[in-house]
Structures are given as C-alpha cells and as structure tokens.
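[1] predicted structure and sequence below. I'll ask about it afterward.
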Amino acid sequence: MVKDKDYLFKAITEKISQTDFVGFPFYYPPIFVWHKAKPEEIKTAWKRTINKGIEKVGMYIHLPFCLSRCFFCRFPAHQIKNSAQIDNYLNLLEKEVKFYSKIFKSVSFRSLYVGGGTPSLLNQTQLKRFFEIIYSYFDFKKCIQVVFETNPNTLSYEKLKLLKKYKVSRLNMGVQTFDDKLMKKWGRSSSRNSVYKSYQEARKAGVKYINFDIMCGLPGQTLKSFRETMKEVIKLSPDVVHVNPFFPNPLTGFSQQGKRLSKKEMEKREEMNDLGRQMLLSAGYKFLQFEDLGKKDEARNIQIADTIEHNSPFLGLGMAAMSHISGWGNYLNFPDLEKYKRGILENKSPAYLQCKYRNKIEEIRWYIMNSLRYYLLPKKRIYKLFGEDIDKVLKEEIEYLVRRNKIINRPAYLQSKVSNFGAYLIFSKYFYSKEIVKNCQKKLEPIKKRKKIISNEELKYTPL
Ligand SMILES: C[S@@+](CC[C@H](N)C(=O)[O-])C[C@H]1O[C@@H](n2cnc3c(N)ncnc32)[C@H](O)[C@@H]1O
Ligand code: SF4
C-alpha cells in the first residue's frame, strides 16, 4: 500500500492540526475518524485488562480553568469567572471518580499527572478537597510520581507546601518567557518576578523536581529575546526544560483571529528550537529517555515513559482527558464543560469518542507512531510487548521508509531520521493501514492529486 503519499499524509496531518483539541497529533488512527464512545464497552475493556493483572497504571486528571486565556494556548481551558466554577467541577469530577473507583479497586496507580488549564488556580481548600477525593477513592500507595502543572502567578508558599504534603514530586512551571513585554503581549498574567518567586519557594518547600515550559517561535518573539530567556533558565537550573515550538491549533487565540504562521516565522521557530537545545546541551543538560532535556532520568515524566516502554494503560479523568487501555484502544472525554457535565449526570460517564484496535497489528501501528518520535525503537521491545516480528508484519512500510531515507533499520532497532516534529508526523503516517487511509480520505476536503513528492523544505515547515 505504501506509495508516494506525502501529499495525502500532509493533508491528513493538517486536518489533525485543525481538529486536535487534546495535544495527541501523533495518535493512530487520528481522532477525526474515531467513533462515538460506548461507556459500557469501555467499562468491560477496563475490567478485562485489570483482571489480567496489569502493572504500572497511570492516571491523568484535567483541570480546565485559567486566570486568563493566553493568546498562544492550544489546550482546552476556560477563563475562570468565579471560584464556584471550580467547586462545581470538583463535584462532577468526584462523580466520575466514583464511577471508576469500583472498577479500579484492585489497582495501585504508579503515577498521577494533574494537567490543564492551570491546576494551581485551585485555592487551598479546593486543593485539599481535590487530593482527598483522588487519594480516598483510589490506591496510590505504590505511586512513584505526582506531576502538577502550574502557572507561577497562582502559586504561594502555602500552596506549595500543601502540594508537597500531597506528594507532588514534579512541578511543571509555565514560564514561557522571561520577557515581561512578551508575557503581556501574549495575554499572560504571570511575570518574570512571579517566576523567580515561585521557583525559589518551590525549592524551599522541597518539591523534588521542577520542569520549565518555554515557548519559542511566537509572533513578536525575537531570537535575542529567546536567547536571553534561555540564559536565565540555565542560571536558575530547573531539572527538566521543555522548549515548546508554537503550534497554532484552532483553540489558539492566534488562529481564532484568522492568523497563520508565515514560512519565515516557521523558520524562525526552528532556529529558536535548535538554539534552545544547543544552549541546554552546552550547559550540561541531556536528552532524557522519552522526554526533552533534563538533568536526571528520575525527573522525566514517568507516565509517558511507562506508556512507551511497557505499553502501560492510563486512566484520564476530567474534561477532554484521554485514556489508554492497552490491548483494547483509546478513548476521550467530552472537550466541552456542559457536555462533560451532561455525560456524567445522565450516563455516569463523560466518554465522548473511542477508537478500538481492530487487531494486534493495528495496536502495533499505534505503538510505533507513538514511540518512534523518541527516535530509537528497540525491536525486542515490540516483540516482548506484542509477540510479533516487526520486520515481518510491517515489512513493506519499513522498507519504503528506509528507501526514502526517513528511518534506519538495524537488526536491533528502528531509528527515525526526521528530527522536525511536523515532518515526523507526516512520515510516521506511512505506518497507517490501507483502511485507515481510506477512512481519512473520506473525511478530507477533496484535495488536488499531486504526483510529485513534496520537498523537504515544504515538509519541514508544517504549521502543526
Ligand atoms: C497546558 S499548559 C499548562 C501550563 C500553565 N497553565 C501555564 O500556562 O503556566 C502546558 C504547556 O504547553 C505549552 N503550550 C501551550 N500552547 C502551546 C502551543 N500552541 N504550542 C506549543 N506549546 C504550547 C506551554 O508552554 C504550556 O506551559
Ligand atoms: S498556557 Fe496555561 S495559563 Fe495560558 S491558557 Fe494555556 S493552560 Fe491556561
């Protein structure tokens, strides 16, 4: 089936970028061909998987509120109107928790990731309530990592001590830039001072690891400003640094104002991304496995590492949360507050879309596309997880990509040669099955047939 399909795969990638609302553009099949969720089927799938005696189960919880909506943000979150909104959301979350707690009675979760939105927006009473709900309905005795996303200007020393008390071991701080003018321009309510203050307080409170999120390639951001930010990052020395190239999906204020990144802006984004990596490498940071740059492997995101290394499942709770049931498939909660509420109150489940693997090879395709983005994929891991020889089951796809110089095929591993994420998303689609390609084609606007293979330049600067 694999022929020169670059143009089609670029079109599918663009469609994903227009429909993505959760940040999983590398998922197979793409979310725009998923089906309506069936809560009973999901429940049975979890029970079956749990009965097999699964280990290393993760939990993701989405808290979708922020002080203000940043101009660049691509995640599902709402500007908060009043604190009661959070209380109401916690009421719903508790109902969802109750629904799953019976199913997960025998499971001890290994990791908890609290993301958003801005989880640190919860006041101390709400934070206590949130953790009491989670820890009383589920078993976290064997948990080795709790990650909590924060916006520095919503933190206080008291909150940080509370987070430490509730076992938060890695704080993800949304720093974005140290340039106050840009912060303001991007609609952020935080400032350089608030970052310094909360960073020092988080260290004092004893939170084990701190991760900084830094944006690059935003309109108005100069190379000079980015370099200055990176210098300050290195001076502060957080444990992990994510340099996030700006991807303007439809949830961003940028796209909603009808703007598009120009080729020049995309080039600048790449330049900043490369510069950020170089600066961090020179300062002694290294690529952590299944992570960005950091200092120690223990600081990496354990939930992602478990999913890649062991194909471990994770349960997603809250609006727009994704769940992965190994051996079955993936499903997503409603990305809209009202529908999330209705789902819980009417069906006890806010599941919205699901995609069940049709067979083991489909799961292997999902697995490869998800894990090859970390460059190296040992074949014996695939054999151990799925009992299949990748060179036999995906022979045609692998040979084609080797011929196109996109991957290296060695006896022990596959290696991606594409370092640009946008280009990776296009080439990894050569692992799509014929049926899924057809399904995607049906959902695409009619596209002009183009025979020629698109140029590397064109592939490199994908807005995604
Ligand atoms: C869900 S946000 C949580 C951070 C926290 N709410 C804050 O802003 O301080 C996670 C991170 O994704 C990154 N991000 C948000 N929008 C993005 C976009 N359009 N492209 C790339 N990265 C983005 C930002 O660096 C952000 O810190
Ligand atoms: S970047 Fe963070 S604070 Fe800004 S809108 Fe997104 S989630 Fe909210």
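    Ah, there it is. Ligands and ions are numbered 1, 2, ... in the order given.

[2] on the three-state scheme, the residue lying closest to Asn301 once chain neighbours are set aside is what?
    Computed as C-beta to C-beta, 6 or more residues apart in numbering, the closest residue to Asn301 that is not its neighbour in sequence is Glu291, at 6.1 Å. No exception for glycine: its C-beta is placed from N, CA and C like everyone else's. Here Glu291 is coil, with the state taken from DSSP: H, G, I helix; E, B strand; the rest coil.

[3] what count of nearby residues applies to Glu291?
    Using other C-beta atoms under 10 Å, Glu291 has 19 neighbouring residues.

[4] could you tell me which residues of the stretch 51-200 of the chain lie near ligand 1?
    For the stretch 51-200 of the chain, the residues in contact with ligand 1 (C-beta under 6 Å from any ligand atom) are 66, 72-75, 115-116, 118, 149, 151, 174, 176.

[5] ok, back up a step: the residue nearest to Asn301 reaches Gln303, doesn't it?
    No - using C-beta atoms under 8 Å, Glu291 makes no contact with Gln303, being 11.2 Å away.

[6] nearest residue to Glu388 other than its sequence neighbours?
    Per C-beta to C-beta, 6+ apart, closest to Glu388 is Ile364, 6.3 Å.

[7] in a helix, the one you found, correct?
    Yes - counting by three-state DSSP, Ile364 is located in a helix.

[8] contact partners for the residue nearest to Asn301?
    240, 300-301, 304-305 (C-beta atoms under 8 Å, 6 or more residues apart in numbering).

[9] got a markdown table for the residues you listed, with secondary structure and neighbour count too?
    Shown next, in a markdown table, are the contacts of Glu291 (DSSP: H, G, I helix; E, B strand; the rest coil; neighbours: other C-beta atoms under 10 Å):
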| residue | secondary structure | neighbour count |
| --- | --- | --- |
| Val240 | strand | 22 |
| Arg300 | coil | 21 |
| Asn301 | coil | 23 |
| Ile304 | helix | 20 |
| Ala305 | helix | 21 |
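
[10] please tabulate those in a markdown table and include pLDDT and distance to ligand 1 as additional columns.
    As requested, the contacts of Glu291 are exported to a markdown table (pLDDT from 0 to 100; distance: C-beta to the nearest ligand atom, whole Å):
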| residue | pLDDT | distance to ligand 1 |
| --- | --- | --- |
| Val240 | 98 | 12 |
| Arg300 | 96 | 16 |
| Asn301 | 97 | 12 |
| Ile304 | 96 | 14 |
| Ala305 | 96 | 18 |
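
[11] which of these sits closest to Ser323?
    Nearest to Ser323 among those is Ile304, at 14.5 Å by C-beta to C-beta.

[12] ok, and the closest non-adjacent residue to that closest one?
    Per C-beta to C-beta, 6+ apart, closest to Ile304 is Phe290, 5.3 Å.

[13] is it true that that neighbour touches Tyr374?
    Yes - applying C-beta under 8 Å as the test, Phe290 and Tyr374 come out as touching, 5.2 Å apart.

[14] which residues do these two both contact?
    Ile308.

[15] who in this structure is up against ligand 2?
    So the chain meets ligand 2 at 66, 69-70, 73, 75, 77, 116-118, 151, 174 (C-beta under 6 Å from any ligand atom).

[16] may I ask which of the residues you listed has the most neighbours?
    Tallying neighbours with other C-beta under 10 Å puts Asn151 at the head of the residues of the chain next to ligand 2, with 28 neighbours.

[17] please identify the buried residues of the strand or helix carrying Gln441?
    Using DSSP states H and E, Gln441 maps to helix 434-443. For helix 434-443, burial by neighbour count (16 or more other C-beta atoms under 10 Å) applies to 436-437, 440.

[18] for ligand 1, what is the nearest residue in the stretch 251-400 of the chain?
    Thr252 (5.2 Å; C-beta to the nearest ligand atom).

[19] rewinding a little: backbone dihedrals for the residue nearest to Ile304, both of them.
    When read as degrees, to the nearest 10, the backbone of Phe290 gives phi 60, psi 40.

[20] burial measure for it, as a count.
    19.

[21] and the gap between it and ligand 2?
    Per C-beta to the nearest ligand atom, to the nearest Å, Phe290 is found 23 Å from ligand 2.

[22] and the gap between the residue nearest to Gly220 when sequence neighbours are not counted and ligand 1?
    Once flanking residues are discounted, Gly220 sits nearest to Lys185: 5.8 Å by C-beta to C-beta, 6+ apart. Between Lys185 and ligand 1 the computed distance is 15 Å (C-beta to the nearest ligand atom).

[23] give me the neighbour count for Lys185.
    Neighbours around Lys185, by other C-beta under 10 Å: 15.

[24] also the one 4 residues further on?
    The burial count assigned to Ser189 is 16, neighbours taken as other C-beta under 10 Å.

[25] test my guess that it contacts Gly174.
    No - proximity of Ser189 to Gly174 does not meet the contact threshold set by C-beta under 8 Å, at 10.7 Å.

[26] residue in this protein nearest to ligand 1?
    Counting by C-beta to the nearest ligand atom, the chain gets nearest ligand 1 through Gly174, at 1.8 Å.

[27] in a strand, that residue, correct?
    Yes - counting by three-state DSSP, one finds Gly174 located in a strand.

[28] would you confirm that it contacts Ser190?
    Yes - judged on C-beta under 8 Å, Gly174 makes contact with Ser190 at a distance of 7.3 Å.

[29] who touches both of the two?
    Shared contacts of Gly174 and Ser190, counting by C-beta under 8 Å, 6+ apart, come down to 151-152.

[30] the residue lying closest to Ser371 once chain neighbours are set aside in helix, strand or coil?
    Leaving aside its sequence neighbours, Ser371 sits nearest to Ile308 (C-beta to C-beta, 6+ apart; 4.7 Å). At Ile308, secondary structure determined by three-state DSSP is helix.

[31] for Ile308, report the pLDDT, please.
    Reported pLDDT at Ile308 in the predicted model: 95.

[32] got it, and Lys448?
    55.

[33] please apply the same query to the one 3 residues further on.
    With respect to pLDDT, Lys451 scores 52.

[34] count of residues packed around Ala321?
    For Ala321, using other C-beta under 10 Å, the count is 26.

[35] quick one: the strands in the stretch 101-250 of the chain?
    111-116, 145-150, 170-176, 209-216, 240-245 (DSSP state E, counting those that start in this stretch).

[36] and the last one, which strands flank it?
    Paired with strand 240-245 in the same sheet, following DSSP bridges, are strand 209-216 (parallel), strand 293-294 (antiparallel).

[37] what's the spacing between that strand and its chain's center?
    13 Å (C-alpha atoms, centre = their mean, to the nearest Å).

[38] can you give me the angle it makes with strand 170-176?
    40 degrees (axes from the mean of the first three to the mean of the last three C-alpha atoms, to 10 degrees).

[39] going forward, begin numbering at 34 instead of 1
    Will do, 34 is the new start, and the previous item becomes strand 273-278.

[40] got a list of contacts for strand 273-278?
    Contacts of strand 273-278 (C-beta under 8 Å, 6+ apart): 203, 242-250, 266, 302-303, 305-306, 309-310, 313, 318, 321, 324-328, 332-333, 454.
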